[in-house]
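Prediction below, plus the sequence it came from.
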Amino acid sequence: MQWHDKPFSELTVVELYAITALRERVFVVEQNCVYLDADGVDPTSRHLWAAEALVSATPVAQSTIRAYCRIVPAGTKFAEISIGRVITAPEARGTGLGRELMRRGIAACGAGPIRIGAQAHLEKFYGELGFVRASELYDEDGIPHIEMLRAG
């Protein structure tokens, strides 16, 4: 597994396509959410992902993203820095890759508090990474969410 951490301006077209494809596959198709993924936040965010190299005859399919998140600057989504669009590809779930992604994302955020908007059913998962519930339950695109905060 290869790890990548890049600002938007350094993403290649192929990397951006692969990131978008995974986000649509999970958030739009699997979770059946109709929402605008291109929310204007990507250009100011850092993008962190794990890719598995593939052997392929086509030049586009040189790697497959197995886990991804974006690190959003403080003052963009929340007052604090945040981690969002956290995804583990269906075929990589249960391998510990999502936990490793979050550990790397937390480290990439540096010192200070981190706020996330988490799907409510993942409260225990994020709690094990040091996040605590910081809001009442709210609906986002038909899915129950909560804000969670990790002290810096």
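That came in fine, so what should we check first?

quick one, strands of this protein?
Ranges of strands within the chain are 2-7, 46-53, 63-72, 81-88, 114-119, 132-133, 138-140, 143-150, based on DSSP state E.

of all those strands, which lies closest to C33?
Evaluated with Cβ to Cβ, those place strand 143-150 nearest to C33, the distance being 6.8 Å. Where C-beta positions appear, they are placed from N, C-alpha and C, glycine not excepted.

and the angle from the closest one to strand 81-88?
Interaxial angle of strand 143-150 relative to strand 81-88 (axes from the mean of the first three to the mean of the last three Cα atoms, to 10 degrees): 130 degrees.

So which elements touch strand 143-150?
With contacts taken as 3 or more Cβ pairs under 8 Å, 6 or more residues apart in numbering; DSSP states H and E, strand 143-150 sits against strand 114-119, helix 123-127, strand 132-133, strand 138-140.

tilt between the longest one and strand 143-150?
Pointing back at strand 114-119 there. Using the same axes, to 10 degrees: strand 114-119 against strand 143-150 is 160 degrees.

State which helix of this structure is the longest.
Counting by DSSP state H, the longest helix found in the chain is helix 97-109.

contact partners of it?
Under the contact criterion Cβ atoms under 8 Å, 6 or more residues apart in numbering, helix 97-109 has outside partners 1, 3, 5, 46, 48-50, 66-69, 71, 81, 83, 86, 88, 92, 114, 125-126, 128-130, 150.

before we move on, what about stretch 72-83?
41, 44-45, 69-71, 84, 102, 105-106, 109-110, 112-117, 147, 149.

now those residues: which count as buried?
With neighbours counted by 16 or more other Cβ atoms under 10 Å, the contacts of stretch 72-83 contain buried members at 41, 45, 69-71, 84, 102, 105-106, 109, 113-117, 147, 149.
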